[in-house]
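Asks: need a structure here:
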Amino acid sequence: MFEALEAKVRANLEGFERRAVPRAEGLRLAEPVAEGLGRAEPGAEGRGRAAGVEGLRGAAVTVCVLEGREPYLILIRRAPRGRNAGQWALPGGRLDDGEGPVEGALRELAEETGISGVRVAGLLDDFVTDSGFVITPVVAFGGRQRAVPDPREVASVHEVPLERLLAPGVPRWRGPLLQMPLGPEIVVHAPTGAILWQFAEVCLRGRELRVFDVAQPAWTRT
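Replies: Reported below is the predicted structural model:
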């Protein structure tokens, strides 16, 4: 079952035309940015992020799928101190100098959760955050491993069954904001929520979805 899921996700990603954002210090994304990047069509529900971001910095996260009684992905809650304190996130962070997105994503995955030796299936669209980061989501499969959080960066690790991403009411909208309700006390907003929504649609459902223009709550802009 797990092998069939991995093969399905790989096939869906191979057929997906990923859109990347150039990484260059001081880069300005002028309006219009690029096809499908930065600005929503008028009236689109839950959309409307402004174009025009200066000084973009590279970051990467891992959508890490593990094998248990059912396939699940790792979601972390950030430590109560530091950047994005207490927020829901995927394992990841800022890229080191000279580091590529895949290398950086897997390094952060290992540092924050102890998960290593994963198989990379592909990449989703880059997501430009309101705080000036370009996040590259890396989709990977890790087999039967258990995450062990680094308490300096991670308050807790949560196992989210993939079927939860496909449940009725996921995603939902609260005014202009996307919400991914993934558990009794887990509600994830953009940018992580946007990445998970695209993962569900592209990787699990085999549909095309762009999330460049999904709005972030003000409290995620740190």
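Asks: chain center to stretch 99-110, what's the gap?
Replies: Centroid separation between stretch 99-110 and its chain, computed with CA atoms, centre = their mean, to the nearest Å, is 13 Å.
Asks: buried set for it?
Replies: By neighbour count with 16 or more other CB atoms under 10 Å, stretch 99-110 contains the buried residues Pro101, Val102, Gly104, Ala105, Leu106, Arg107, Glu108, Leu109, Ala110. The C-beta positions use only the backbone N, C-alpha and C, and glycine is treated the same way.
Asks: and which of these is nearest Glu159?
Replies: Leu109 (14.8 Å; CB to CB).
Asks: and that closest one, what element?
Replies: Assigned by DSSP states H and E, Leu109 belongs to helix 101-113.
Asks: make JSON lines from the buried residues of stretch 99-110 and add pLDDT and distance to Arg164 to it.
Replies: Formatted as JSON lines, the buried residues of stretch 99-110 follow (pLDDT from 0 to 100; distance: CB to CB, whole Å):
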{"residue": "Pro101", "pLDDT": "96", "distance to Arg164": "26"}
{"residue": "Val102", "pLDDT": "97", "distance to Arg164": "26"}
{"residue": "Gly104", "pLDDT": "97", "distance to Arg164": "27"}
{"residue": "Ala105", "pLDDT": "98", "distance to Arg164": "22"}
{"residue": "Leu106", "pLDDT": "98", "distance to Arg164": "24"}
{"residue": "Arg107", "pLDDT": "98", "distance to Arg164": "27"}
{"residue": "Glu108", "pLDDT": "97", "distance to Arg164": "23"}
{"residue": "Leu109", "pLDDT": "98", "distance to Arg164": "20"}
{"residue": "Ala110", "pLDDT": "97", "distance to Arg164": "25"}
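Asks: returning to that earlier point: from the contact counts, what lies against the helix holding Leu109?
Replies: The criterion is 3 or more CB pairs under 8 Å, 6 or more residues apart in numbering; DSSP states H and E, and the helices and strands that helix 101-113 contacts are strand 57-66, strand 72-78, strand 92-94, strand 119-123, strand 133-141, strand 154-161.
Asks: alpha carbons of that helix, as CSV, please.
Replies: As requested, C-alpha coordinates have been extracted for helix 101-113 and formatted as CSV (Å, rounded to 0.1, in the frame of the first residue of the first chain):
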residue,chain,number,x,y,z
PRO,A,101,16.3,23.6,-1.5
VAL,A,102,16.3,19.8,-1.3
GLU,A,103,19.5,19.7,0.6
GLY,A,104,18.3,22.3,3.0
ALA,A,105,14.8,20.8,3.5
LEU,A,106,16.3,17.4,4.3
ARG,A,107,18.9,18.9,6.7
GLU,A,108,16.2,20.7,8.6
LEU,A,109,14.0,17.6,8.6
ALA,A,110,16.8,15.6,10.2
GLU,A,111,17.7,18.4,12.7
GLU,A,112,14.2,19.1,13.8
THR,A,113,12.7,15.6,13.8
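Asks: tilt between it and strand 72-78?
Replies: Taking axes from the mean of the first three to the mean of the last three CA atoms, to 10 degrees, helix 101-113 and strand 72-78 form an angle of 70 degrees between their directions.
Asks: now do helix 101-113: distance to the chain's middle.
Replies: Computed by CA atoms, centre = their mean, the separation of helix 101-113 from the middle of its chain amounts to 13 Å.
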